[in-house]
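Asks: Mind folding the following:
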Amino acid sequence: MKYSLKSSFSRLVLGLFAIVFLLSVVGRIVTVTGAWVYCIGWPVCVPTNPLGYLKLAHLALAGVASVIMALVWRKAWREQREQNLLLPLTTVTGVLFFGQAFVGAIQMTRGYPLHLVLLHTFTAASLWISLGVLVFASGVLARDVESGHRFDIRQRTKDFFILSKPLIVALLLVTTYAGLVAGSKAWPSASLTFWTLFGGTLAAAGSSALNQYIDRELDKNMQRTAKRPLADGRLTAAEGLSFGLALCLISYYVMAGFVNILAALLSLAGIFYYVIFYSVFLKKATVQNIVIGGGAGAIPPMVGWAAATGELGLAPWILFAIVFMWTPPHFWALAIVRMKDYEKAGVPMMPVVHGEEKTRRHILIYTIELFAVTLLLPIFDLAGTIYLVSAVVLGAFLLYAAWQVFKVGGNKAAWTMYRWSSMYLAFIFIALMIDAVV
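Replies: Predicted coordinates for the structure are as follows:
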């Protein structure tokens with residue numbers, strides 16, 4: 001590997017490194033000398049003392065660095081979209097750069113809470129590491145690319161939207177908002193609602209994109225997933241990885257900055273659970289993949305509750321258990337319908353490993369257990385009559401669907417169970433919200 005500055009991208013990255021280094025030096029001088037006192041304001045200020053010009057210079061350098069960072073990011077996404085290291089590294093560096101500025105600005109308005117101080121320090125260290133690696137990697141890997149390729153913006157926007165799995169995101173947001181309302185015991189403020197759901201959307205969409213990046217070769221072997229953007233080649237692997245990493249990182253900054261640290265950490269735990277624990281290790285390793293992996297989808301209502309209260313009690317853990325118990329029968333029903341797909345892809349889903357009959361029996365067992373878990377909230381006086389009646393009625397419909405899967409069998413009954421269980425989860429959490437505010 002030979003380092004070179006022959007490409008315009010590597011030269012631009014080196015320029016970015018230089019300006020960020022100068023920005024850091026001047027920023028340190030401003031802090032040590034107390035120059036910020038003599039030039040109050042953002043993004044520009046009027047100096048009231050010669051030292052104030054140091055603060056003004058720092059602001060100006062920050063503006064220049066931001067422009068160069070944006071140019072590096074744009075150039076990477078236009079010219080390095082095939083580079084599996086350069087594009088994700090540039091994207092992460094950009095998020096860290098603007099994330100550090102965001103945390104630095106917001107912690108001043110919050111009185112420098114410990115979690116934001118630590119986040120600012122960690123982001124600064126991560127930025128220098130990623131920027132240093134990017135300087136070296138760009139000199140080794142970057143090549144000038146002819147700009148003759150015309151992007152279909154409409155199609156690419158659609159592909160990135162598909163990459164986020166919007167239907168799954170929507171269902172997760174319902175459970176998140178339900179936790180938020182139940183924790184608040186009232187309709188939460190517009191601001192808290194927006195930032196919690198916005199952060200949750202980014203986390204869920206980013207996790208889904210990373211899941212599709214990990215499964216891109218496996219998806220080619222399944223009829224249901226073969227036309228996904230990464231499996232079909234409409235987006236490159238580097239683009240999928242970069243998109244997912246960016247959304248996940250931004251989601252943490254949003255949650256930590258505008259919600260609270262517990263919600264941010266829970267959201268981050270959900271990302272790691274789904275992307276690393278489930279997608280990388282569990283999915284192709286064990287027939288219990290869906291059972292254990294269900295914990296990832298069960299975290300959003302806890303995030304909502306933590307956003308409302310800043311703590312976790314018995315109720316959010318029961319909400320976690322409801323989604324956890326709901327996941328296996330929901331996905332096993334789909335696995336029965338798509339059994340040949342999973343078998344071809346080598347995914348050890350229960351109907352592939354143990355057969356359809358045992359899977360149908362487990363769907364019924366887990367549905368009965370799910371019904372019992374939903375009754376824990378009223379039993380512990382954590383929900384009222386509206387929720388209780390809804391849980392019983394909705395549970396009866398789902399039990400009927402599960403019984404049909406067990407007794408009748410076949411793809412039609414399994415597909416009905418799959419569709420009904422999706423609606424069931426949404427409706428029972430909507431019932432929980434109504435019960436909390438009435």
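Asks: Not counting its neighbours along the chain, what's nearest F136?
Replies: Nearest-residue entry for F136: Y3, 6.7 Å, with adjacent residues in sequence omitted and distances by Cβ to Cβ, 6 or more residues apart in numbering. The way it works is simple: take the backbone N, C-alpha and C, and place the C-beta from them, glycine included.
Asks: ok, now F427?
Replies: Leaving aside its chain neighbours, F427 sits nearest to L394 (5.6 Å; criterion: Cβ to Cβ, 6+ apart).
Asks: packing partners for the lowest-mean-pLDDT helix or strand in the chain?
Replies: Lowest on mean pLDDT, DSSP states H and E among the helices and strands of the chain sits helix 339-345, with a mean of 85. Applying 3 or more Cβ pairs under 8 Å, 6 or more residues apart in numbering; DSSP states H and E, one finds that helix 339-345 contacts helix 350-354.
Asks: From the centroid of the protein, which residue is nearest?
Replies: A203 (1.8 Å; Cα atoms, centre = their mean).
Asks: what does stretch 281-293 rub up against?
Replies: Applying Cβ atoms under 8 Å, 6 or more residues apart in numbering, the external contacts of stretch 281-293 come out as 215, 218, 273-274, 277-278, 327-328, 331-332, 335, 346-350, 353-354.
Asks: So which of the residues you listed belong to helices?
Replies: In this view, the contacts of stretch 281-293 that belong to helices under DSSP state H are L218, T327, P328, F331, W332, A335, M350, V353, H354.
Asks: Can you flag the buried ones in those residues?
Replies: Buried residues within the ones in helices among the contacts of stretch 281-293, counting neighbours by 16 or more other Cβ atoms under 10 Å: L218, T327, P328, F331, W332, A335, M350.
Asks: dump the residue contacts of the residue lying closest to I168 once chain neighbours are set aside.
Replies: Residue nearest to I168 in three dimensions, not counting chain neighbours: S208, with 6.3 Å by Cβ to Cβ, 6+ apart. Listed by Cβ under 8 Å, 6+ apart, the contact partners of S208 are L163, S164, K165, I168, V169, G244.
Asks: try 7 Å
Replies: By Cβ atoms under 7 Å, 6 or more residues apart in numbering, S208 lies in contact with L163, S164, K165, I168, V169.
Asks: Please give the element, helix or strand, for it.
Replies: Taking DSSP states H and E as the criterion, S208 maps to helix 190-214.
Asks: which residues does the residue nearest to the centre of the chain contact?
Replies: Contact analysis of A203 by Cβ under 7 Å, 6+ apart lists C248, S251, S267, G270, I271.
Asks: tell me, how many neighbours does the residue nearest to it when sequence neighbours are not counted end up with?
Replies: Distance criterion Cβ to Cβ, 6+ apart; nearest residue to A203, sequence neighbours excluded, is S251 at 3.9 Å. Per other Cβ atoms under 10 Å, the neighbour tally for S251 reads 25.
Asks: And L376, by the same measure?
Replies: L376 has 18 neighbours, counted by other Cβ under 10 Å.
Asks: And it, how far from A321?
Replies: Distance of L376 to A321, computed by Cβ to Cβ, to the nearest Å: 8 Å.
Asks: and which of the contacts of S208 is nearest K55?
Replies: Nearest to K55 among the contacts of S208, counting by Cβ to Cβ, is S164 at 40.4 Å.
Asks: Any buried residues in stretch 271-290, and which?
Replies: I271, Y273, Y274, V275, F277, Y278, S279, L282, K283, N289, I290.
Asks: again, but for stretch 12-26
Replies: In stretch 12-26, counting by 16+ other Cβ under 10 Å, buried: L12, V13, L16, F17, I19, V20, L23, S24, V26.
Asks: What is the nearest of those residues to A237?
Replies: Nearest to A237, judged by Cβ to Cβ, of the buried residues of stretch 12-26 is V13 at 21.4 Å.
Asks: Secondary structure element holding the closest one?
Replies: Under the criterion of DSSP H and E, V13 resides in helix 8-33.
Asks: which strands and helices sit next to that helix?
Replies: helix 52-79, helix 114-141 (3 or more Cβ pairs under 7 Å, 6 or more residues apart in numbering; DSSP states H and E).
Asks: Mean pLDDT for these - can I get that in JSON lines?
Replies: Below are those laid out as JSON lines (pLDDT from 0 to 100):
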{"stretch": "helix 52-79", "mean pLDDT": "92"}
{"stretch": "helix 114-141", "mean pLDDT": "91"}
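Asks: what would these look like in JSON lines with distance to G179?
Replies: Listed next are those as JSON lines, based on distance: least, Cβ to Cβ, whole Å:
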{"stretch": "helix 52-79", "distance to G179": "35"}
{"stretch": "helix 114-141", "distance to G179": "21"}
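Asks: what are the phi and psi values for T91?
Replies: Backbone torsions of T91, given as degrees, to the nearest 10, read phi -60, psi -50.
Asks: what number of residues lie near the closest residue to it other than its chain neighbours?
Replies: Leaving aside its sequence neighbours, T91 sits nearest to S242 (Cβ to Cβ, 6+ apart; 4.0 Å). Neighbourhood size, S242 [other Cβ under 10 Å]: 30.
Asks: ok, now A186?
Replies: Residues near A186, counting by other Cβ under 10 Å, number 11.
Asks: Could you report the pLDDT at it?
Replies: The model reports A186 with a pLDDT of 93.
Asks: Touching, it and V437? I think so.
Replies: Yes - between A186 and V437 there is a contact at 5.8 Å, judged by Cβ atoms under 7 Å.
Asks: Now P188: phi and psi?
Replies: Here is the backbone geometry of P188 (degrees, to the nearest 10): phi -70, psi 170.
Asks: what residues are up against the closest residue to it other than its chain neighbours?
Replies: Nearest non-adjacent residue to P188, counting by Cβ to Cβ, 6+ apart: L180, 5.3 Å away. Contact analysis of L180 by Cβ under 7 Å, 6+ apart lists P188, T193, T196, G304, A307, A308.
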